[in-house]
Each structure stands twice: as structure tokens, then as C-alpha cells.
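1. Any chance you can model this:
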Amino acid sequence: MSSSVQISVVIPCLNEEEAVGAVVDQAWEGIRRSGRPGEVIVVDNDSTDGSGDVAAKHGATVVREARRGYGSAYLAGLANANGEYIVMGDADQTYPIDELAPFVDRLEQGDDLVLGSRFKGKIHGDAMPWLNRRIGNPILTGLLNLFFGVKVSDAHCGMRAVRRDALRVLDLHSTGMEFASEMVFKAYRRGLRVSEIPIDYFPRTGESKLNRFGDAWRHVRFMLVYSPSWLYFTPGAILLLLGLVGALILAAGPVFVFGRTWEIHTMLACIAAVLVGAQVIQLGIFARAYALVHLNEHDPLVDRFHARVRLEHGLLLGFGLLVAGLAIVGAIFGSWAANGFGRLGHVEATALGFTLFGLGVQVVLGSFFLSLLTMRWTPVRSLVTNGRPAA
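-> Here you go, the predicted model:
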């Protein structure tokens, strides 16, 4: 790291020839106002115009990144940044990069990530379309706050600042627009200090590169993948609970409710809910266990279970369900045999017994797979060195 650089301003750029020169000038002005030495890095994200040349003429260090994508550009820029404090902003003149000093001051005072907030500041003119301002951004920010316990007003603001040493903790990987969400939720999940600063937001210069619906879906998809509670556990638990309650009530026979008789058809729907719900929950457990062991993504609930629950616990539960199912089916078979193998009744109870049996098999096999999934492999030193057994 260069000891003469405290601030690195990183600017992703895709065909912003018209605006990037002015943005680089604003970045230099912001560094000057902060009273700290710095550098300006423009990541030319495979532009087909002269964006890179313009940025270089205005004194920026130009990094070429052929893989297109908002996250790809930032990953390349962050890898080349030398400053202790890294300020991020777009190349389209929408953000007041020349007012970066308060962001750096917050980092110097101990914050790890500082976000700009357009909604707490001022959005000028038609800088943000009505659909984005009233629906898109509030919904995406609300989902991020809900799924991950985040408390921010503008999770997708493109002007933000981060401490260099916090980047190792964040361990960012996203290559698309979801990069912004990843940075925010990982900061909260990993206990970093996050704050917001109100900023102005101006109409962009040049044509927008955003795909309104495509980029929104990328954010939602990313949040769901990293939030198993909402993707797996919540819907799985609802299905499992409703299915079990319904199956247990109907196991004794048809039930008359709401003026109708509910019979085997409803029982089959309950069985489907039980099996699907259990499978969805199991997939969520697999996902969180893998993230914990192999990606170092911690979750308090999963951490507690990982420390206390072993393969044997899952086997006990699975075999218990399996035996209960077999006991119900066995009792029905015994009653049928005692009556001379005549008409076989107890349809709903039979369905319940086989459902418990199926659940038991699922839990037993899932427990073995979970044990394999959470196993940490340690490379074994080669037993042969230079043709001789290793000492």
C-alpha cells in the first residue's frame, strides 16, 4: 500500500465519455477539501467509447475490466485501491463526489461503512423516476431491512464509503447490481458499524444503463438466496404445520366443517403439504449449514444448532417418525387381519401412517447428508516425498 494515499475514490464506468471527466474533477476536488492525500480510480468496464481516455486525461488511474457488471467493476477497482478509506460513486454526475469529506470523517471516527441517503437528502428534478422513487427503491430497501435486520433508508445508493480493513470482513463476490445489497447486509450480519449521510441526487448525464425490472429481480433473487428464513424456513414451517394439523384431525375420519364434509381428498392435500414443507425446511437447513461451514456465513440460530445437534439426534428423530408410522400401519393391518381380511377401512389413518414413515426416511437420509455437508476436510500430507515415504 502506498503510504501517500489515504483516500481512494473508485468509479465504475461504462460508456460515460460525456460525464466521466467532470466526475473525476469532482473527485479530485473532494479529496482536496478533505485535506487528505488520495487517488482517483476509474474502472473502464469494457466501454466502447473514449471513457477511459477521458478519465486518464483528467488524472485518474484507469483500470480495465472486460467482464461487464456493476459488481465486476467494483471488485476490480477495490483490488487496485491503495487508500485506507475508499469512496464509491458513479460516473454519470448523479452524486456529489466533491462532498466526500463527511463520509471519510465518519470512517476516521470508527464507522466501517457509510451510505449516502438520497431519501433523507434532496432528489433534484427527475433524477429518480417516479416508479423507482415510490415503488422500486422503497420495496427493495424494505425487503433488505426485513430479511436481514438492516436499518437503512436507502440501501442502493451508489455513493458510499468503506474502510479498507472492512473489505476483508465483507468478502464481497457479487458481479451485478446486487453488489450494493451484498455490501449492506454483510456489514450488518458481521457486526460492522454502519451509518448514513443525507446527500443530493442529480439528473444523470447520458443514457442510463439500468435494467429496471431485470436489476430489481437480481436484487430480490440475491436476497432470497442469502435469507433462508424467508425462502425456506417460513414457507416450509407454514406448510408443515398446517399439513400436520389437518392430517391429525382427519386421521380419525371425515370431518364436518363450514357446512361441508372433508374427507380423503383433503387428507391427501394435507399429506402433500407435510412432505413439501418438510423438504423445504430440510433444504433450508442444508443451505445454512453449507454457508456456515464453507462460506463462514454465521446465523445465531444455526450456530446454536450446529454446536448442540449431532447426526445421532437426527437419526433418533427419523427413526422415531418411521417407527410411529409403522406402528399405525401395523395396527391397521392387525385389525384388518383379525376381521378376516375383509373390507379395509381406516383410509385416513393409513395415509397418516405412511406419511410419518416417509417423513422418517427423509429425516434419516437427510441427517446423513447434513453430516457429510458439514464435514471439514483437511488435506493429508503426501505419504511419498522424492520417491521415499514421508517421515
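
2. buried residues in stretch 275-291?
-> 275, 277-289, 291 (16 or more other Cβ atoms under 10 Å). Bear in mind the C-beta positions are built from the backbone N, C-alpha and C, glycine included.

3. Narrow those residues to those in helices?
-> Using DSSP state H, the subset of the buried residues of stretch 275-291 located in helices is 275, 277-289, 291.

4. Next one: His156 from Thr350, what distance?
-> In this structure, His156 and Thr350 are 54 Å apart, going by Cβ to Cβ, to the nearest Å.

5. still on that earlier bit, between the ones in helices among the buried residues of stretch 275-291, which sits nearest Phe185?
-> Distance to Phe185 across those (Cβ to Cβ) is lowest for Ala291, with 12.9 Å.

6. sorry, back to before: so which of the ones in helices among the buried residues of stretch 275-291 comes closest to Ser72?
-> Distances from Ser72 to those, taken by Cβ to Cβ, are shortest for Ala291, at 22.5 Å.

7. returning to that earlier point: give me the more crowded residue out of His156 and Thr350.
-> Legend: neighbour count by other Cβ atoms under 10 Å for His156 and Thr350, higher for His156 (22 against 19).

8. List the backbone torsions phi and psi for the closest residue to Lys120 other than its chain neighbours.
-> Among residues not flanking Lys120 along the chain, Pro198 sits closest, at 4.0 Å (Cβ to Cβ, 6 or more residues apart in numbering). Pro198 adopts backbone torsions of phi -60, psi 140, taken as degrees, to the nearest 10.

9. Tell me if I'm right that Pro198 and Ile123 touch.
-> No - counting by Cβ atoms under 8 Å, Pro198 sits too far from Ile123 to count as a contact (10.9 Å).

10. Identify the residues contacting the residue nearest the centre of the chain.
-> The centroid of the chain falls nearest to Tyr226 when counting by Cα atoms, centre = their mean (2.8 Å). Contact partners of Tyr226, counting by Cβ atoms under 8 Å, 6 or more residues apart in numbering, are 147-148, 182, 185, 297.

11. now do Val62
-> 41-44, 52, 55-56.

12. Turn those into JSON lines, columns for secondary structure, distance to Ala19 and neighbour count.
-> Below are the contacts of Val62 laid out as JSON lines (DSSP: H, G, I helix; E, B strand; the rest coil; distance: Cβ to Cβ, whole Å; neighbours: other Cβ atoms under 10 Å):
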{"residue": "Ile41", "secondary structure": "strand", "distance to Ala19": "17", "neighbour count": "25"}
{"residue": "Val42", "secondary structure": "strand", "distance to Ala19": "11", "neighbour count": "31"}
{"residue": "Val43", "secondary structure": "strand", "distance to Ala19": "15", "neighbour count": "29"}
{"residue": "Asp44", "secondary structure": "strand", "distance to Ala19": "14", "neighbour count": "29"}
{"residue": "Gly52", "secondary structure": "helix", "distance to Ala19": "14", "neighbour count": "21"}
{"residue": "Ala55", "secondary structure": "helix", "distance to Ala19": "10", "neighbour count": "28"}
{"residue": "Ala56", "secondary structure": "helix", "distance to Ala19": "15", "neighbour count": "16"}
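
13. could I get those as TSV with pLDDT?
-> TSV is the format used below for the contacts of Val62 (pLDDT from 0 to 100):
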residue	pLDDT
Ile41	98
Val42	98
Val43	98
Asp44	97
Gly52	96
Ala55	98
Ala56	97
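
14. Which one of the residues you listed is nearest to Leu172?
-> Of these, the one sitting nearest to Leu172 (Cβ to Cβ) turns out to be Val43, at 14.3 Å.

15. residue contacts, that closest one?
-> 10-13, 62-65, 73-74, 76-77.

16. Select only the buried ones of these in PyMOL?
-> Selecting only the buried entries of the contacts of Val43 in PyMOL, with 16+ other Cβ under 10 Å as the criterion:
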select buried, resi 10+11+12+13+62+63+65+73+74+76+77
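
17. Which of the contacts of Val43 fall within helices?
-> Checking these against DSSP H, those in helices are 73-74, 76-77.

18. that older thread, nearest to Ile332 among the contacts of Val62?
-> Distances from Ile332 to the contacts of Val62, taken by Cβ to Cβ, are shortest for Val43, at 68.7 Å.

19. how near is that closest one to Ile31?
-> 18 Å.
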